[in-house]
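Q: Need a 3D model of the following:
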Amino acid sequence: MMAYRGIHLSYETIRRWCDTFGSSYAAKLKRRRPKLGDKWFLDEVFLNINGVQHYLWRAVDQHGAVIDILVQPKRDRFAAIRFFRKLLETSCRRPRVIITDKLRSYGAAKKLTMPRVTHRQSRYLNNRAENSHQPTRQRERRMKRFKSPEHAQRFLEIHDIVAAHCRPKRHLLPAAYYQAERQRRFETWKQIIAA
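A: Okay, here's the model as predicted:
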């Protein structure tokens, strides 16, 4: 698009723009999103960063909205506690139910940070969180892997919010509703980047 207008840019310039403006756009979109649900699905997935295995922790509500993510080098109780505390700080509320896989770190962290929250552990109930990793995997393949844990954290925090805003769930909406929703989201995007 820029070359069409006669402006020549390098990939590094665009990357710096994303670093500069991406987090502010994501923060504004986060403030405008609807209220989060009270049922949270939590999951972790492996990320290979420079040959070292890391874990991407992700929480999703029952509507499919990503609550937060955290990239960490371990998958133990302390990592789970750190993730739970970040979730509570981000969302400013406690869930009614959390649904996880059978990793024991979740149970230990829940007892400490959210003792009155119901906890369900099941391999099959957690599919909503498992499926939310697919866009990350697709983006990771296109980018030829992440370069560092900080890069992955910074990029994915922004990517999840912006991608969710730009892609209404087309398969759940009739064509007329989808077009109206997409138009509404374009208007919201114009307001955010103009502010």
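
Q: Strands of this structure, start to end?
A: For the chain, the strands defined by DSSP state E cover 39-49, 52-61, 66-72, 97-100, 118-121.

Q: For the protein, which residues score under the pLDDT cut-off?
A: Counting by pLDDT under 70, the ranges of the chain that qualify are 1, 126, 128, 130, 195.

Q: C-alpha coordinates for the biggest helix by length in it, PDB please?
A: The longest helix of the chain (DSSP state H) is helix 11-32. Written as PDB, here are the backbone C-alpha positions of helix 11-32 (Å, rounded to 0.1, in the frame of the first residue of the first chain):
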ATOM      1  CA  TYR A  11      10.300  -3.900   7.300                       C
ATOM      2  CA  GLU A  12      12.200  -2.500  10.300                       C
ATOM      3  CA  THR A  13      10.200   0.800  10.100                       C
ATOM      4  CA  ILE A  14       6.900  -1.100  10.100                       C
ATOM      5  CA  ARG A  15       8.100  -3.200  13.100                       C
ATOM      6  CA  ARG A  16       9.000   0.000  15.000                       C
ATOM      7  CA  TRP A  17       5.600   1.400  14.200                       C
ATOM      8  CA  CYS A  18       3.900  -1.700  15.500                       C
ATOM      9  CA  ASP A  19       6.000  -1.500  18.700                       C
ATOM     10  CA  THR A  20       5.200   2.200  19.200                       C
ATOM     11  CA  PHE A  21       1.500   2.300  18.300                       C
ATOM     12  CA  GLY A  22       0.400  -1.400  18.700                       C
ATOM     13  CA  SER A  23       0.200  -1.400  22.500                       C
ATOM     14  CA  SER A  24      -1.800   1.800  22.700                       C
ATOM     15  CA  TYR A  25      -4.300   0.600  20.100                       C
ATOM     16  CA  ALA A  26      -4.600  -2.700  21.900                       C
ATOM     17  CA  ALA A  27      -5.200  -1.000  25.300                       C
ATOM     18  CA  LYS A  28      -7.900   1.200  23.700                       C
ATOM     19  CA  LEU A  29      -9.600  -1.800  22.200                       C
ATOM     20  CA  LYS A  30      -9.400  -3.700  25.500                       C
ATOM     21  CA  ARG A  31     -11.200  -0.900  27.200                       C
ATOM     22  CA  ARG A  32     -14.000  -0.900  24.600                       C
END
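
Q: Who are the packing partners of it?
A: Where contact means 3 or more C-beta pairs under 8 Å, 6 or more residues apart in numbering; DSSP states H and E, helix 11-32 is packed against helix 149-166, helix 175-194. The way it works is simple: take the backbone N, C-alpha and C, and place the C-beta from them, glycine included.

Q: Noted, bye for now.
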